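# Mind folding the following:
(one chain, ligands or ions: 2)
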Amino acid sequence: MGSLENPTLPIIDFSEKNLEPGSPSWFTTAEKVVHALEDYGCFIATYSKFSPEMHRSIFGVSEQLFDLPTDVKILNTSGTPSHGYVGQEPIIPLYEGLGIENATTHTGVETFTSLLWPSGNHHFGETALEYSRLVAELEQEVMRMVSKNYGIEDSYQSLVGATSYLLRFIKYRAPGKDETGLGIVPHTDKSFMSILHQRQVKGLQIQTKNGDWLLVDPSPSYFVVMAGDACMAWTNGRIEPSKHRVIIDEGSEDRYSLGLFTFIKDVKIQVPEELVDDDNPSRFKPFDHYKYIHFYYTEEGKRSKCPIKDYCGI
Ligand SMILES: O=C(O)CCC(=O)C(=O)O
Ligand SMILES: [Fe+2]
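Ligands and ions are numbered 1, 2, ... in the order given. Okay, the predicted model is just below:
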C-alpha cells in the first residue's frame, strides 16, 4: 500500500477524429472512457482543440490573479463553501484558490473580473471564458459518452441544462525548508465531474483501487477527467470517484493548476431507472447537489468516511 509508481492512468485521445459523433472511433473512445472511469474514477484526456498558446495564456492570467493583494483576492466570496477564495488555511498552508462561478457565461466571468479589477481586465475575462468553454466542451463530450454507453441519455438530458461550471484557479507555494510538501489532503471531489489541468510543476497523485498512488505527469495537453461524488450517486455506484492529493517536492517552484468543476443546480440528481433492477437496487435517494455540499462542510460531513453515502445512500 501507498507506494509511488510510474503513472499508469489510462490516456485517452480526444482529437477531432475521435469526436465525430456516431463514428466508430467515437464509440471506441466512449468505451475506453467508461472503462477508465469504472476502473480508476478518472483518466487523462489529450485534447487537441486546446493549443499551447491557450495553455500559456491561461496560466499567464492565473499568475496575474495570484499577484493581486490578499485583501483584493478575499473579495471573491460565495454562498457555497469553498467556491470562493480559500487561502492561509492551517492544515494546507501552501494552498490558495479562487473560483469563478458560472464560468462558461459572460455574466459569471464579468462579475468576477470587475470585482477583482474594478477598472477592468479584458484580457483576463476573455481568457477565462475561452478556457472554461473549451474545457466544458470536453466535459460534455465525456458525459455524452458515459450516458450513451449506459443507455441513460434521457436522464443526462435532464441534467445537462442544469449544469453550472466553477473554474478554480489554484496556486501552491513551494514548501519552505521546514514545511511538509502537502498541498491538498486526500479527498474525493464533491462535484459531478472535475477536469484538472496543471502547469509544469508535478504534484497531483491519484489513488488506485488497490491503494497505490499514481503521479500524474504535467503536460500542456493533459487534462485529468475525474468523477465526483455526485457522479457516483447518479450512476448508482458504477463509477466511484478516485481519492487524490497534491504533494509538492522540496525545492520545487510554485505550482499552478486549474480545476473546472460541474455542479447540478435546481434539479435533483436521481439514479436513472435504466440502472436499477432486481440485482442492482437503487443505492441513492434523489438529492440536491448544493445541499450535499453544505452537508459535507458540517461536522458530521467532515467526519464521514463516505459523505455521499451518509447523505443520500440507501
Ligand atoms: O491542484 C490539483 O492538481 C488538484 C486540485 C484538487 O484536487 C481540487 O481542487 O479538488
Ligand atoms: Fe480534488
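# The residue in the chain sticking out farthest from the centre and residue 19, how far apart?
Of all residues in the chain, residue 278 has its C-alpha farthest from the mean position, at 33.1 Å, by C-alpha atoms, centre = their mean. According to C-beta to C-beta, to the nearest Å, residue 278 and residue 19 sit 37 Å apart. For glycine as for every other residue, the C-beta is placed from the backbone atoms N, C-alpha and C.
# same question, residue 33
12 Å.
# Look at the two and report which has more neighbours.
More neighbours surround residue 33 than the other of residue 33 and residue 19, with 23 against 20 (other C-beta atoms under 10 Å).
# wait, what's in contact with residue 160?
Counting by C-beta atoms under 8 Å, 6 or more residues apart in numbering, residue 160 makes contact with 140, 143.
# Likewise for residue 55?
Applying C-beta under 8 Å, 6+ apart, we find residue 55 in contact with 197, 220.
# Mind doing that once more with 7 Å?
Neighbour list for residue 55: residue 220 [criterion: C-beta atoms under 7 Å, 6 or more residues apart in numbering].
# which parts of this protein sit against ligand 1?
The chain comes close to ligand 1 at residues 168, 170, 184, 189, 196, 198, 204, 244, 246, 257, 259, as judged by C-beta under 6 Å from any ligand atom.
# can you do 8 Å?
Taking C-beta under 8 Å from any ligand atom as the contact definition, the chain meets ligand 1 at 97, 168, 170, 172, 183-184, 187, 189, 194, 196, 198, 203-204, 216, 224, 244-246, 255, 257, 259, 261.
# if you look at those residues, which of them are in strands?
97, 168, 170, 172, 183-184, 187, 194, 196, 198, 204, 224, 244-246, 255, 257, 259, 261 (DSSP state E).
# mind listing the helices for the stretch 51-200 of the chain?
52-66, 70-73, 106-116, 122-150, 153-160 (DSSP state H, counting those that start in this stretch).
# tell me the most buried of the ones you listed?
Mean neighbour count (mean count of other C-beta atoms under 10 Å) peaks for helix 122-150 among those, with a mean of 19.
# what packs against that one?
helix 24-40, helix 52-66, helix 106-116, helix 153-160, strand 163-172, strand 193-198, strand 222-227, strand 255-264 (3 or more C-beta pairs under 7 Å, 6 or more residues apart in numbering; DSSP states H and E).
# For residue 83, find the nearest of those.
Closest to residue 83 of the helices and strands packed on helix 122-150, according to C-beta to C-beta: strand 163-172, at 5.8 Å.
# okay, and the helix or strand of the protein with the least pLDDT?
strand 4-5 (a mean of 50; mean pLDDT, DSSP states H and E).
# Can you lay out the helices of the stretch 51-200 of the chain as CSV showing distance to residue 273 and mean pLDDT?
Shown next, in CSV, are those (distance: least, C-beta to C-beta, whole Å; pLDDT from 0 to 100):
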stretch, distance to residue 273, mean pLDDT
helix 52-66, 40, 98
helix 70-73, 45, 98
helix 106-116, 33, 98
helix 122-150, 12, 98
helix 153-160, 8, 97
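# Throw those helices into CSV and include distance to residue 306, thanks.
Formatted as CSV, the helices of the stretch 51-200 of the chain follow (distance: least, C-beta to C-beta, whole Å):
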stretch, distance to residue 306
helix 52-66, 33
helix 70-73, 33
helix 106-116, 31
helix 122-150, 21
helix 153-160, 22
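# mind checking which of these is nearest residue 80?
helix 106-116 (13.4 Å).
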